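> Quick one, fold the following:
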Amino acid sequence: MTRNRFAIALALIVVVPFAIGCRSSGAKHEKADPLMKLSAAESLSHGKELMAREKWASARKYLMHAFEVEPNSASGREALLLVADSLYNQGGSQNLIQAEAKYRDFLNRFPTSERAPYVQFHIGASLAGRVERPDRDQNVTRSALAAFEEVVRLYPTSDMVDKAKEQIAAMRSKLGEHEYQVARFYLRYGIPIAAVNRLTYLVAAYPEYTPKDKVYYYLGTGYDRMHKDKEAAEWFQKLRDEFPQSEFVSEIPSSVMAKASEEKATAPPASGAGNSGPGGR
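Numbers count the residues shown, from 1 in each chain. Coordinates of the predicted model:
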């Protein structure tokens, strides 16, 4: 009997402090995290106040809680979108990656939302903020371009279309510059045929690429290094005709133009009914 009482007393010594400790720990946790007591609407309100003060990380805690409490309510939808906005506004590569994911999550959950054009545009903007330099890989640029094109395709009457078109032009310009930089690399390392191929593609794929004078000059240079005088002279002449004030005009090798003129002067006349042009054949 005495032995049983001793065992019970010993158990109480072990269990009671443990139970008190758990209760105390739970109380402390509840006291330390008042966020858990807030409704979705209350948490959303706190998050929006912090967003207005640009406290992005602090705002996200309240916004995420609002979304998790009522994910399909109006408060929950707004909170999820604001989570994405907070990451986008905070900036930085990792935050932009997460922002893109949150925007995509929003569209997947609420594809018919009236905010869909805004969200699609910011998917593109989250990608555009991570675009590499023109001499680096441009996969992110292509993805951004595709995202902006989706705004125009899916929401043609949206007020986001004009902004999307501006970004489409910017992304295409970056892709054009990438082709130019790669071509210059090939020329520097003595691979003119590869340079000519890239520049020819640039002219065809990105006709709006504005600094065309340098493209024409390096196309002429590439053909010159391939010993194709006729093609080189044609691009150099195009440079002279379209951009007479360009700094590249003075760099045109006179020997190429002189040789092309000689070949043209000594070429036999085309046969056929007195017609000397290409159409006389």
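> which residues sit in contact with Val140?
Shown in contact with Val140 (C-beta atoms under 8 Å, 6 or more residues apart in numbering): Leu127, Arg130, Val131, Glu132. (Each C-beta comes from the backbone N, C-alpha and C, glycine too.)
> Quick check: the first one vs Leu107, distance?
Pointing back at Leu127 there. Taking C-beta to C-beta, to the nearest Å as the measure, Leu127 and Leu107 are separated by 14 Å.
> Pull out the buried members of the contacts of Val140.
Applying a neighbour-count criterion of 16 or more other C-beta atoms under 10 Å, the buried members of the contacts of Val140 are Leu127, Arg130, Val131.
> Could you point out which of the residues you listed is nearest to Ser58?
Closest to Ser58 out of the buried ones among the contacts of Val140 is Arg130 (24.4 Å), distances taken as C-beta to C-beta.
> Contact partners for the closest one?
Remark: with contacts taken as C-beta under 8 Å, 6+ apart, Arg130 is in contact with Ser93, Leu96, Ile97, Val140.
> And Pro156, how close does it get to Glu42?
39 Å.
> wait, isn't Met51 in contact with Ala84?
No: if you go by C-beta atoms under 8 Å, Met51 and Ala84 don't touch, sitting 11.7 Å apart.
> Those two: which is more packed in?
For Met51 versus Ala84, neighbours defined as other C-beta atoms under 10 Å are more numerous around Ala84 (24 against 20).
> Now that one. Nearest residue, chain neighbours left out?
Once flanking residues are discounted, Ala84 sits nearest to Lys102: 3.5 Å by C-beta to C-beta, 6 or more residues apart in numbering.
> ok, the one you found - contacts?
Leu80, Val83, Ala84, Leu87.
> name the element it belongs to?
Using DSSP states H and E, Lys102 falls within helix 93-109.
> And for Ala146?
Under DSSP H and E, the secondary-structure element containing Ala146 is helix 139-154.
> what's the average pLDDT for that helix?
Mean pLDDT, taken over the full extent of helix 139-154, equals 98.
> Going by neighbour count, which residues in that helix are buried?
Of the residues in helix 139-154, those buried under the neighbour-count criterion (16+ other C-beta under 10 Å) are Val140, Thr141, Arg142, Ser143, Ala144, Leu145, Ala147, Phe148, Glu149, Glu150, Val151, Val152.
> Break down the stretch 151-281 of the chain into its strands, ranges please.
Counting by DSSP state E, counting those that start in this stretch, one finds no strands in the stretch 151-281 of the chain.
> What segments of it are helices?
Taking DSSP state H, counting those that start in this stretch as the criterion, the stretch 151-281 of the chain contains helices spanning 161-188, 192-205, 212-225, 229-242, 254-266.
> deepest of the ones you listed, which one?
For the helices of the stretch 151-281 of the chain, the largest average neighbour count (mean count of other C-beta atoms under 10 Å) is found in helix 212-225, namely a mean of 23.
> any idea of the angle it forms with helix 161-188?
Here helix 212-225 runs at an angle of 30 degrees relative to helix 161-188 (axes from the mean of the first three to the mean of the last three C-alpha atoms, to 10 degrees).
> Can I get helix 212-225 in CSV, CA atoms only?
Only the C-alpha atoms of helix 212-225 are listed here, as CSV (Å, rounded to 0.1, in the frame of the first residue of the first chain):
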residue,chain,number,x,y,z
LYS,A,212,19.7,49.4,-87.8
ASP,A,213,22.7,51.3,-89.0
LYS,A,214,25.0,49.2,-86.9
VAL,A,215,23.2,46.0,-88.1
TYR,A,216,23.8,47.0,-91.7
TYR,A,217,27.4,47.8,-91.1
TYR,A,218,28.2,44.5,-89.4
LEU,A,219,26.2,42.5,-92.0
GLY,A,220,28.5,44.2,-94.6
THR,A,221,31.5,43.4,-92.5
GLY,A,222,30.5,39.8,-92.1
TYR,A,223,30.1,39.3,-95.8
ASP,A,224,33.4,41.1,-96.4
ARG,A,225,35.2,38.6,-94.1
